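In: My questions are about this predicted structure, shown below with the sequence.
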Amino acid sequence: GNYRTQLWDKQMESFLPSTPGLGMHVEVKDPDGKVVLSRQYGSEGRFTFTSHTPGEHQICLHSNSTRMALFAGGKLRVHLDIQVGEHTNNYPEIAAKDKLTELQLRARQLLDQVEQIQKEQNYQRYREERFRMTSESTNQR
């Protein structure tokens, strides 16, 4: 995920890029409520995590300073961009780091896509199994 914060300026009546002192605490929980990521970042940043549990994850962003928000008129805007799966990989950077040819890089991209498809299929099987259990429970009642 990438995020960027902006503080409200009362005098200009618009959002301005935030001050360097402002920070954000990012916390990610898996479907079981277990904390996957808990870390302090600056006013702009990028966070990554790998999930080992299928399902809905919870991402919480907390400002590190309520005092600053009150000084800014109590308004803080957060821009959040979340990328999931193989779309998160920066392939030009990977190619440069591992010194891959164009063919090797394309093969790696295809392997990543196959892995993502396999994960999606496993997740769909998991959802189907839960739905079947719910249907059978409802049918028994």
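Out: Yep, that arrived. Bear in mind that the values here come from a model prediction, so they are computed numbers and not experimental data.

In: going forward, measure contacts and count neighbours with C-alpha atoms only.
Out: Will do.

In: helices or strands up against the biggest helix by length in the chain?
Out: Looking across the chain with DSSP state H, the single longest helix is helix 102-140. Packing contacts for helix 102-140, counted by 3 or more Cα pairs under 8 Å, 6 or more residues apart in numbering; DSSP states H and E, involve helix 91-98.

In: helices or strands next to the helix it packs on in the packing?
Out: helix 102-140.

In: and the helix it packs on with helix 91-98, angle?
Out: Orientation check (axes from the mean of the first three to the mean of the last three Cα atoms, to 10 degrees): helix 102-140 against helix 91-98 gives 120 degrees.

In: sorry, back to before: and the longest helix of the chain, which residues are buried?
Out: 105, 108, 109, 112, 116 (16 or more other Cα atoms under 10 Å).

In: Columns pLDDT on top of these, output as a markdown table?
Out: Shown next, in a markdown table, are these (pLDDT from 0 to 100):
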| residue | pLDDT |
| --- | --- |
| 105 | 79 |
| 108 | 81 |
| 109 | 82 |
| 112 | 83 |
| 116 | 83 |
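
In: Out of those residues, which is nearest to residue 137?
Out: Distance to residue 137 across the buried residues of helix 102-140 (Cα to Cα) is lowest for residue 116, with 31.7 Å.

In: gap between the closest one and residue 46?
Out: 22 Å (Cα to Cα, to the nearest Å).

In: Check residue 11 too.
Out: Taking Cα to Cα as the measure, residue 11 falls 30 Å from residue 46.

In: same check, this time on residue 84
Out: 13 Å.

In: same thing with residue 109?
Out: In terms of Cα to Cα, residue 109 sits 22 Å off from residue 46.

In: Following element in sequence after the helix or strand bottoming out on mean pLDDT in the chain, please.
Out: Least confident helix or strand of the chain, by mean pLDDT, DSSP states H and E, is helix 66-71 with a mean of 53. Proceeding N to C from helix 66-71, the next assigned helix or strand is strand 76-81, under DSSP states H and E.
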